[in-house]
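# generate coordinates for the sequence data below:
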Amino acid sequence: MAYYERHIFFCNNIRDDGNCCEDHGATEMRAYAKERAKAMGIHGKGKVRVNTAGCLDRCNEGPVAVVYPEGVWYTYQDRRDIDEILEEHLKGGRVVERLRI
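A predicted model of the protein is given here:
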């Protein structure tokens, strides 16, 4: 068994030209996702790991996050979107098609 069932990586890159995920509150959303995953009981060994990533090179689609091992890319706008990704995909194993890139 893998140490974690799934990882979600949030791009937190900062670019000089201003076209980056951090301009859309990515650090705040990652912190929120980690807090919520813990509260939901899905964070930790054998479960989910919420990670920070450098540039994921999809800035024009940002903000972005990617879930592995499935390799599913998401964009999000607010905490409701993060809640849906956590509940549906990370807890339930169902891809959230409306947020999928």
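
# spatially central residue for the protein, please.
Residue closest to the mean C-alpha point of the chain, counted by Cα atoms, centre = their mean, is A65 at 3.9 Å.

# and what about that one, helix, strand or coil?
Following DSSP: H, G, I helix; E, B strand; the rest coil, A65 is assigned to strand.

# that one touches G71, doesn't it?
No. Using Cβ atoms under 8 Å, A65 is not in contact with G71; the gap is 12.0 Å. Every residue, glycine included, has its C-beta placed from N, CA and C.

# contacting residues for the residue nearest to the centre of the chain?
By Cβ atoms under 8 Å, 6 or more residues apart in numbering, the residues touching A65 are 8-11, 29-30, 33, 73-76, 85.

# from those residues, which land in strands?
Within those, membership in strands is found for 8-11, 73-75, as judged by DSSP state E.

# re earlier: include pLDDT when you put the contacts of A65 into a markdown table, please.
Formatted as a markdown table, the contacts of A65 follow (pLDDT from 0 to 100):
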| residue | pLDDT |
| --- | --- |
| I8 | 98 |
| F9 | 97 |
| F10 | 96 |
| C11 | 92 |
| M29 | 96 |
| R30 | 96 |
| A33 | 98 |
| W73 | 98 |
| Y74 | 98 |
| T75 | 96 |
| Y76 | 96 |
| I85 | 98 |
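
# before we move on, the earlier item: show me what the residue nearest to the centre of the chain bridges to in the sheet.
Taking DSSP bridges as the rule, A65 bridges to F10, Y74.

# what's the pLDDT at it?
A65 is assigned 97 on the pLDDT scale.

# ditto for the one 3 residues further on
At Y68, the model reports a pLDDT of 97.

# how many neighbours does the closest residue to it other than its chain neighbours have?
In this structure, Y68 finds its nearest non-sequential neighbour in H7, 4.8 Å apart by Cβ to Cβ, 6 or more residues apart in numbering. Applying other Cβ atoms under 10 Å, we find 17 residues neighbouring H7.
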